[in-house]
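A.B. asks: this is a predicted model, with the sequence first.
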Amino acid sequence: MRQTTPQMDFLRGIWRENPVLIQMLGLCPALAVTNTVANSIAMGVATFFVLLGSSLLVSTFKRWVPHEVRISTYVLIIATFVTIADMLLEAVVPTVHKALGAFVGLIVVNCMILSRQEAFASKQPIGRSLLDAAGTGFGFILALLMMGAVREVLGNGTFLGISLFGPNFEPWVIMILPPGGFLTLGLWLLVLSWIQRRRAESAKVADWPAGVAQRRAA
Amino acid sequence: MPRRPRFRHGVHPPDLKELTAGIPIRRMPFPKKIVLPLRQHAGNPAKAIVRPGDHVERGDKVGEADGYISSPIHASAAGTVEEVGLWPHPDGSYATAVRIAVEPYSAQAPRPRIIPDWPGLSREELIEAVRQAGVVGLGGAAFPTHVKLAPPKDATIDVLVVNGCECEPFLTADHRTMVEYPERVFTGIRIMMQCLGVDRAMIGVEKNKADAIAALEAARPDDIYVTVHPLTVKYPQGAEKMLISSLLNRDVPSGKLPMHVGVIVQNVASVATIAEVFETGLPLIERIVTVTGYGVRQPANLIVPVGTKTSDLIEACGGLTPDAKEVVFGGPMMGAAVANLDAPVLKGTTGVVVLTDDDCRPAESYPCIKCGHCIDACPVFINPQLLGSLALVERYQEMDDHHLADCMLCGCCSYTCPSNIPLSQLFQAAKAALRKSKAA
Amino acid sequence: MTSPHRLITASPHLGVPDSTPKIMWSVVGSLVPVIATATWIFGPSVPLVLLAATAGAILTERAFGRRGSLGDGSAAITGVLLGLSLPAGLPLWMAFVGGAFGIGFGKVIFGGLGQNAFNPALLGRAFLQAAFPVAMTTWPARTGSWWTLAGDNLAWPFASPLVVDALTGATPLGLMKFEQVPTGLWDLAVGTTGGSIGETAGVVILVCGGYLALRNYLDWRIPAGIFLTVAILAALLQAVDGVRYAGPMAMLFSGGLMLGAMYMATDMVTSPVTHVGSWIFGMGIGVLVVIIRYWGGLAEGVMYAILLMNSLVPFINRATQPRAFGARTRLQP
Amino acid sequence: MGDLIWILLSAMVVNNFTLALFLGLCPFMGVSARVETALRMGAANVFVLTVTSLSAWFLNTFVLPYAPYLRLISFIVVIASLVQIVEIVIKKVSPALFRQLGIFLPLITTNCAILGLAIFQTNRGYGLLEGLFFAVGAGLGLTLALVLMASIRENTELSSVPELAKGMALVLIIAGSLSLAFMGFAGLLSSS
């Protein structure tokens, strides 16, 4: 593995290797529960908690886990934390818990969490694992927020329940329906790849000898 | 009730035969120069046996057949061999050709018979005579006729089918042959039936040639079993497999030849030529060519010495009109455009069609809109739409799995495509690529 | 001697006089009587809605599509057909959004003309239906002078339509489905009923589509399959329960069936390429229409039926491949 | 019987697992490039979902009433081990079938459709037979979505998709369109 700094461990997951937008992991919650910003945040925080907790445990006990049963062990650890998160959510924010429904339980099979355990926490020291988990978790929250913001603003005219455009706004109901989820993520991917291409193009221009760049600009 | 003679699918391009259908065949004057490419037929090119400076008489052999599937080439006019070297070939390449400076003021007088007369000859002697006469299929593909007349022992042939369809637009050479020389057609049929040992022959003629059908019926002999069949006017009625399907309701299996279903198909021009060869005693040195199209001033059906340059031929028909755009050898559906008018007429050249701006397909094409018209048109029932999209992304192997091999490049799909996608061109390229990868 | 000509092209050197732009513009042209009839019925709202939808489609194609792709007329068709499938009183900005969505996500994203999987006009309509369900099912009743705009065409972008009062009329399908009130056949045929712009006047659509079918610009097998299936199923169901289920003629001439069957389902790009496939496609749409109309939660199902069958087209094409000539023939021993 | 069919149809088209509930997205995105693989994946899913439904019913009936907090953990463990056992059995009994389905089995275990089915089945209080029909319907729905997506994706390979949209963006937009089309089934049969 390439040597990385702790800073990179943390930052990597947020943007450059964003679990949802780049790696296409954990799509199920990213599409299913992002119809409002509040749901997105709750789901993001719950997943963040599970990710952090499981990374801590997996990284701590990595030496004692036999290789053959490691996946089952990870799943067990994750399932335990999900159960805790489920109960916590139910106790603290019962309405949100109800809105999320079965999808809290489904954090168990969020491939993003499992992939972090397998790819990172099971091989790295505790501190770095925690940084990595936090970075990935924030990246996940960020992606969910990006989805949730677009869908709530267009689909309901509100952000976190606060009306943005006044009562006259016609909500785009589709955005909070299933097709809206697919389309919003598709749209974000288009925007991201457009930004990436713009950046690549400007980098190319910068690499050119000055004369060429000037002529092109002219 | 007899089955209506037909094949399924196909297209109805405009007829365009009225330009020359009523014009009797005439002989064109000998040109100043004759160019005889050594590759005029399917199989190996002939080998030159003359040198610059040699004098040749009309009918003298200038190229010897190289192998069994090959054919000799003969001088079509008396003169002096100028050079044996590269010369523009109608297919766009430069190919070895024997150039002959025709004797000026020569009457091209008759000379003693080279080919023996046919009565009394045995089957083998007949086939050998046909081979020596350099006869090839005159319908365009130019497959050596002696090979076709001697099918392998395991194929039992029961019918000789004579192809008088001439389904390509514009062309009328076969039509005029049938009108003016019906006796020759039947003599040729007799010779071929003797070669093949069959007792049945059928002539298929498209219904738009009523005078040809009448002439054939009038000349039809009673002592052999030969029948004339008017057929639906539809392109490609003259394709072997379609013709057999129409006449006999036999489907040639994919990847097989007509002889596998007991049929040999001969073009009516080839049949007449065989009769002519034995009649005159001269080998195949001239053929009937339709020079037509709106780009030529005086369209005509001409008896042309093989090896006449296109420019001379067009000159004999009054030259090109100012809006002439494209000169095509063969019919407009399957024929190839020639880049250089120095290219000579070959044995297999059925016609020279000069197209104008108005006739040519527009240059621009659009994306496929999946209208399915090409599928409705394809006479061999493959899916040009799918094959075309596969060809554009160069997935040739999959094209092979989808029966690309059955495509005979008849051009129905391209003809009918509203988006003007050059489908048959794509398939030709794909076939070439597949041949290459198979050879490698 | 070099040749005086300059063209060297591949064979065949002849072609049919049809071309893709010609087909597309013919379709647009054949819709003129339909548009005229609708304008006569609904007033000046019709051209406005059509223009808005077409503008959405054309501007999106211009912005994101291939260069010069406007000339082939396919974006214009999408816009006009989408407009015809909308209620006359729809705010214009919604029509614009629908056109833009249909072309953007229904066509350009697939690579433009000929490559899309779903009919762009219907995708745009499905989007609008899901996004603005109320506005999309508000059918203005025709009251007042011909010159009054129906509904709230001129609502500000992103604003709700203001007029949501008693001006709305019900569609024949809705009446039948939710209140079991049948509509007279004559009213259905000449279009004096509530509904989308192009839903009324079935006879005019039938004639215009028939003209296209005669010119082979649309495959008659698809509408034939749809009509036959719907008629037969409707007749059977009417025999079972004549009150709940409308009869075959009422089914054929109500809702978007005519427009859908003649113009949307027959979109060459998103329908099967083979004849057998066209029949299967048409009959599938017919069955789905009947299922959704009779047992679904919505009164109208033509749009969804066509979109669902669109998604099956790759399959139908695969299953109905032509069999190569002589591929199955055996040699006689 | 009518109810059972309705459960099956509902899970298959009306509330399609993938297109309406976003379950089983990983295979939907990942294994939908070829129709043949999509079909096999679908078949494997039907199979595993049925096994899951059985085991979830067993757990719900005999274990969880005594220890409700073990729900998630027991589901995931039991399902994972059952699939493992089935995998081994198939490998022994029919290597050909294993080659067809085998590689997908471990993938499926950590697929949200499986756990989702168990949770939904529990939440809705389905019995044994209802659960089985639910599972088959869900599996068929997954297969349908997968295969439709795969056939459309195969076609896009022959077309000139803009550089920007290549890959997952196009897949998501096709999925959105499919999801839109499936909305036509909304409310199906609920009125009768």
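C.D. replies: It's in.
A.B. asks: skipping its backbone neighbours, what lies nearest C:E199 in space?
C.D. replies: Leaving aside its sequence neighbours, C:E199 sits nearest to C:G256 (CB to CB, 6 or more residues apart in numbering or on different chains; 5.0 Å). Where C-beta positions appear, they are placed from N, C-alpha and C, glycine not excepted.
A.B. asks: same deal with B:H74?
C.D. replies: Nearest non-adjacent residue to B:H74, counting by CB to CB, 6+ apart: B:P283, 4.5 Å away.
A.B. asks: SS state for the one you found?
C.D. replies: Assigned state for B:P283: coil (three-state reduction, DSSP: H, G, I helix; E, B strand; the rest coil).
A.B. asks: picking that back up, what's near enough to touch the residue nearest to C:E199?
C.D. replies: C:G256 makes contact with C:85, C:195-196, C:198-199, C:264, C:300, C:302-303, according to CB atoms under 8 Å, 6 or more residues apart in numbering or on different chains.
A.B. asks: make CSV out of these and add neighbour count and pLDDT.
C.D. replies: Below are the contacts of C:G256 laid out as CSV (neighbours: other CB atoms under 10 Å in any protein chain shown; pLDDT from 0 to 100):
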residue, neighbour count, pLDDT
C:S85, 27, 92
C:G195, 25, 75
C:S196, 25, 82
C:G198, 31, 81
C:E199, 31, 77
C:M264, 28, 94
C:E300, 26, 79
C:V302, 29, 92
C:M303, 27, 93
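A.B. asks: what's the closest of the residues you listed to chain B?
C.D. replies: Closest to chain B out of these is C:M264 (15.1 Å), distances taken as CB to the nearest CB.
A.B. asks: looks like B:E64 contacts B:P72 (just checking).
C.D. replies: Yes. At 5.7 Å, B:E64 counts as touching B:P72 under the criterion of CB atoms under 8 Å.
A.B. asks: which residues touch the residue in the stretch 151-300 of chain C that chain A sits nearest to?
C.D. replies: Per CB to the nearest CB, C:S160 is where the stretch 151-300 of chain C lies closest to chain A, at 4.2 Å. Listed by CB under 8 Å, 6+ apart, the contact partners of C:S160 are A:168-170, C:135.
A.B. asks: what is the nearest of these to chain B?
C.D. replies: Closest to chain B, out of all of these and judged by CB to the nearest CB, is C:A135, at 32.6 Å.
A.B. asks: who are the neighbours in contact with that closest one?
C.D. replies: A:170, C:87, C:90-91, C:94, C:160-161.
A.B. asks: switch to 6 Å and redo it
C.D. replies: By CB atoms under 6 Å, 6 or more residues apart in numbering or on different chains, the contact set of C:A135 is C:90, C:161.
A.B. asks: can you name the next helix or strand after the helix or strand harbouring it?
C.D. replies: Element membership for C:A135, per DSSP states H and E: helix C:133-136. Later in the chain than helix C:133-136, the nearest helix or strand by DSSP H and E is strand C:139-140.
A.B. asks: doesn't B:V35 lie inside a strand?
C.D. replies: Yes. Checked against three-state DSSP, B:V35 lies within a strand.
A.B. asks: how about it, nearest residue that isn't a chain neighbour?
C.D. replies: Closest to B:V35 by CB to CB, 6+ apart is B:P344, at 4.2 Å.
A.B. asks: tell me the pLDDT at that neighbour?
C.D. replies: B:P344 carries a pLDDT value of 96.
A.B. asks: try C:V46
C.D. replies: In this model, C:V46 carries a pLDDT of 91.
A.B. asks: so who does it touch?
C.D. replies: C:38-39, C:88, C:197.
A.B. asks: tell me the one of these nearest C:A53?
C.D. replies: Among these, C:I197 lies closest to C:A53 (CB to CB), at 9.9 Å.
A.B. asks: quick check: chain neighbours aside, which residue is closest to that closest one?
C.D. replies: Closest residue to C:I197 apart from its sequence neighbours, by CB to CB, 6+ apart: C:A38 at 4.7 Å.
A.B. asks: so what's A:V50 up against?
C.D. replies: Listed by CB under 6 Å, 6+ apart, the contact partners of A:V50 are A:81-82, A:85, A:107.
A.B. asks: now those as a markdown table including secondary structure?
C.D. replies: Shown next, in a markdown table, are those (three-state DSSP):
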| residue | secondary structure |
| --- | --- |
| A:F81 | helix |
| A:V82 | helix |
| A:A85 | helix |
| A:I107 | helix |
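A.B. asks: out of these, which are close to chain D?
C.D. replies: Among the contacts of A:V50, the residues that sit close to chain D (CB under 6 Å from any CB of the partner chain) are A:V82.
A.B. asks: what residue, apart from its backbone neighbours, is nearest the residue of the stretch 101-250 of chain C found nearest chain D spatially?
C.D. replies: Across the stretch 101-250 of chain C, the shortest distance to chain D (CB to the nearest CB) belongs to C:Q115, at 3.6 Å. Leaving aside its sequence neighbours, C:Q115 sits nearest to D:S159 (CB to CB, 6+ apart; 3.6 Å).
A.B. asks: tell me how many other residues crowd the residue of the stretch 101-250 of chain C closest to chain D.
C.D. replies: Counted with other CB atoms under 10 Å in any protein chain shown, the neighbours of C:Q115 add up to 22.
A.B. asks: I'd guessed it sits against D:E157; true?
C.D. replies: No. Assessed by CB atoms under 6 Å, C:Q115 is found out of contact with D:E157, at 10.7 Å.
A.B. asks: still on that earlier bit, now the helix holding C:A135: average pLDDT?
C.D. replies: Mean pLDDT, computed over helix C:133-136, is 86.
A.B. asks: B:E183: neighbour count?
C.D. replies: Counted by other CB under 10 Å, the residues lying close to B:E183 total 15.
A.B. asks: can you tell me the helix or strand for it?
C.D. replies: Counting by DSSP H and E, B:E183 is part of helix B:182-196.
A.B. asks: after that helix, next one along is what?
C.D. replies: Following helix B:182-196 in sequence order, the next helix or strand is strand B:201-206 (DSSP H and E).
A.B. asks: can you name the element that comes right after that next one?
C.D. replies: Counting by DSSP H and E, what follows strand B:201-206 is helix B:210-219.
A.B. asks: list the buried residues of that next one.
C.D. replies: B:212-213, B:215-216, B:219 (16 or more other CB atoms under 10 Å in any protein chain shown).
A.B. asks: okay, the residues you listed in TSV with pLDDT next?
C.D. replies: Formatted as TSV, those follow (pLDDT from 0 to 100):
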residue	pLDDT
B:A212	96
B:I213	96
B:A215	96
B:L216	96
B:A219	95
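A.B. asks: tell me the one among these nearest to D:L59.
C.D. replies: B:I213 (85.4 Å).
A.B. asks: that closest one against B:I203, yeah?
C.D. replies: No. Using CB under 6 Å as the test, B:I213 is too far from B:I203 to be in contact (8.9 Å).
A.B. asks: which residues are common contacts for those two?
C.D. replies: Contacts common to B:I213 and B:I203, judged by CB under 6 Å, 6+ apart, are B:V228.
A.B. asks: where along the stretch 101-250 of chain B do the helices fall?
C.D. replies: Under the criterion DSSP state H, counting those that start in this stretch, helices of the stretch 101-250 of chain B are mapped to B:123-132, B:145-149, B:173-180, B:182-196, B:210-219, B:240-248.
A.B. asks: chain D contacts on chain A?
C.D. replies: Counting by CB under 6 Å from any CB, chain A comes close to chain D at A:24, A:27-28, A:31-32, A:75, A:79, A:82-83, A:102, A:105-106, A:108-109, A:111, A:178-179, A:182-183, A:185-186, A:189-190, A:193-194.
A.B. asks: and with 7 Å instead?
C.D. replies: A:24, A:27-28, A:31-32, A:72, A:75-76, A:79-80, A:82-83, A:102, A:105-106, A:108-109, A:111, A:114, A:178-179, A:181-183, A:185-186, A:189-190, A:193-194, A:197 (CB under 7 Å from any CB of the partner chain).
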